[in-house]
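[1] Pasting a predicted model and its sequence here:
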Amino acid sequence: MEFLIAKDELIRALSRVQGIVEKRSTNPIIANVLLEVSEEGMRVAATDTEVSFVGRYKAECARPGALTLGARQLYEIARLVPTDAVSFNLPEGSGQMEIRSGKAFFKVLGLSADEFPPVPDPNAEAPAISLSSRELKSLIDKTLFAISSDDTRTGLNGAHVEAFNDGAETRIRFVATDGHRLSLCGRSFEGTIDWPGSLLLPKKGLSELRKLVEDGDGVWRVSFTENQAVFCRDAIAFSMRLLEGDFPDYNQVIPSSWQRRLELRRDDLVSALRRVSILAAEKSHPVRFAIEGGVVVVTARQPEAGEAREELDAEVEGADLEVGFNARYFRDALMALDTETVLIEIGDSLSPCLLRPGGGSESDELYVIMPMRLE
């Protein structure tokens, strides 16, 4: 095995797998990255057996072959080599890769490629739907933050995915909740697949996919099986194993009516929450919303620290109300919105709060936040 590759191309390939490879595992092979070289270039693969990545990159092949090398160690070498080209040479019968760049020389012990777990093929033909990078990024950004990090909350550790036809178009919808808040976002798509039913995409998988989606435009081909979701774009394929468990009926959480409705500038409310929550308790970040006529007063208080208060102008329908929320939950939802204003619908002080894009937007997007009892 022998090949030459540009330093920047090598860094790009290895940087994409750093969040995937397993740091601590009883199986050392999944701490490695698989390098396969042929006349078509270099194929790079990484997996932790739950999340997998494979991509193809430009390289000059002198002798084809395959070997796995420590992913983090190899990435550090790639970043620090002194020249713009890096040569790799694996002598026949050896398990040590020789890496040269200028006057720098490394011998790195590898493991056989035969032991590496299977990874998705970016060229595989399967029934799929098409989503632009912008649409896929939006689905992830608007739901990822609400996924539960509690491993004991079966069914809440991933984003629920479903497809439906609203009469005019076919849409895909991501929904996530941690029991205290819920986020929902839908987008239209092209293509048809035999939908396998309820799907749960794991948080780690979505976090890593988000990095790939952000790295360039283009159209992603998305396919689902009974236990796996595969996302392909050009010469890149990323897969994640679906989670087991039942996602709750989220429609029961979404309020169907309101007694108070207010619309105000999103950025103003985000800034006010940041300032006021400086004096909110660090554990639960409680803030009080007082709706008083055409004004919303946001307050935080700690007996041992002090008090913060800020008034915001708003368009208000309904009677006055005082209600408490976790400021961080509220701010996360506001930051996911893209509109200039936010529409907030509230029942009473014990009812969930519903946030939607303001300005008359018909977007398939909403956020639900449970209230807090304040002293």
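    Great, that's in hand.

[2] List the neighbouring strands of the least confident helix or strand in the chain by mean pLDDT plus their orientation.
    Averaged element by element with mean pLDDT, DSSP states H and E, the chain has its least confident helix or strand at strand 190-191 (a mean of 80). Paired strands of strand 190-191, with direction, are strand 129-132 (antiparallel) (DSSP bridges).

[3] buried stuff in the strand it pairs with?
    Buried residues in strand 129-132, counted by 16 or more other CB atoms under 10 Å: I129, L131, S132. Quick note: C-beta positions are derived from backbone N, CA and C, even for glycine.

[4] Please list the outside residues in contact with it.
    139, 163, 172, 187, 189-193, 217-223 (CB atoms under 8 Å, 6 or more residues apart in numbering).

[5] can you give me how far it is from the chain middle?
    Here the centre of strand 129-132 is set off from its chain's centre by 17 Å, with CA atoms, centre = their mean, to the nearest Å.

[6] and after that strand, which helix or strand comes next?
    Following strand 129-132 in sequence order, the next helix or strand is helix 133-141 (DSSP states H and E).

[7] Go ahead and name everything in contact with whichever helix or strand comes after that following helix.
    Remark: after helix 133-141, the chain's next helix or strand is strand 158-165, criterion DSSP H and E. Strand 158-165 is contacted from outside by 129, 140, 143-144, 147, 170-176, 189, 193, 195, 198-203, 206, 224, 229, 242-243, 245, 247, 250, using CB under 8 Å, 6+ apart.

[8] and D234, how many residues sit next to it?
    Using other CB atoms under 10 Å, D234 has 13 other residues around it.

[9] leaving aside the residues next to it on the chain, what's closest to it?
    Take D234 and drop its neighbours on the chain: the residue closest to it by CB to CB, 6 or more residues apart in numbering is G218, 6.3 Å away.

[10] The one you found contacts R134, correct?
    No - G218 lies out of contact with R134 (CB atoms under 8 Å); the separation is 10.0 Å.

[11] contacting residues around C185?
    Applying CB under 8 Å, 6+ apart, we find C185 in contact with S138, L139, K142, T143, R173, F174, D364, E365.

[12] Need phi/psi at the third one.
    What that stands for is K142. phi -90, psi 0 (degrees, to the nearest 10).

[13] any idea how far the nearest residue to L279 once chain neighbours are set aside lies from G70?
    Leaving aside its chain neighbours, L279 sits nearest to A308 (4.3 Å; criterion: CB to CB, 6+ apart). Going from A308 to G70 by CB to CB, to the nearest Å gives 49 Å.

[14] for P202, same thing?
    Distance, P202 to G70, using CB to CB: 25 Å.

[15] got it, and F231?
    F231 is 26 Å from G70, by CB to CB.

[16] Those two: who's more crowded?
    Between F231 and G70, counted using other CB under 10 Å, F231 has the larger neighbour count: 23 against 18.

[17] contacting residues around the residue nearest to the more buried one when sequence neighbours are not counted?
    With CB to CB, 6+ apart as the criterion, F231 has its nearest non-adjacent residue at 4.8 Å, and that residue is F238. By CB under 8 Å, 6+ apart, the contact list for F238 reads V51, S52, F53, V54, P120, E208, L209, L212, V230, F231, C232.

[18] Pull up the gap between F238 and V51, please.
    For F238, the distance to V51 equals 8 Å [CB to CB].

[19] joint contacts of the two?
    Contact criterion CB under 8 Å, 6+ apart; residues shared by F238 and V51: E208.

[20] ok, how many other residues are close to I5?
    23.

[21] so it touches A85, yeah?
    Yes - between I5 and A85 there is a contact under CB under 8 Å: 7.3 Å.

[22] Look up the closest residue to A46, ignoring the ones flanking it.
    Spatial nearest neighbour of A46, chain neighbours left out: V17 (3.6 Å); criterion: CB to CB, 6+ apart.

[23] scratch that, L243 is what I was asking about
    Of all residues apart from its sequence neighbours, L200 sits closest to L243 (CB to CB, 6+ apart), at 3.9 Å.

[24] Check what pLDDT the one you found gets.
    With respect to pLDDT, L200 scores 95.

[25] so for stretch 256-270, what's the average pLDDT?
    The pLDDT scores in stretch 256-270 average 95.

[26] so how far is the first residue of that stretch from its last?
    One end of stretch 256-270 sits 26 Å from the other (CA to CA, to the nearest Å).

[27] before we move on, what about stretch 83-92?
    Per CA to CA, stretch 83-92 runs 26 Å from first to last residue.

[28] for the nearest residue in space to D268 that is not next to it in sequence, what are its contacts?
    Closest residue in space to D268, ignoring its immediate chain neighbours: L312 at 5.7 Å, by CB to CB, 6+ apart. L312 makes contact with L264, R265, D268, L269, A272, V295, V296, V297, V298 under the criterion CB under 8 Å, 6+ apart.
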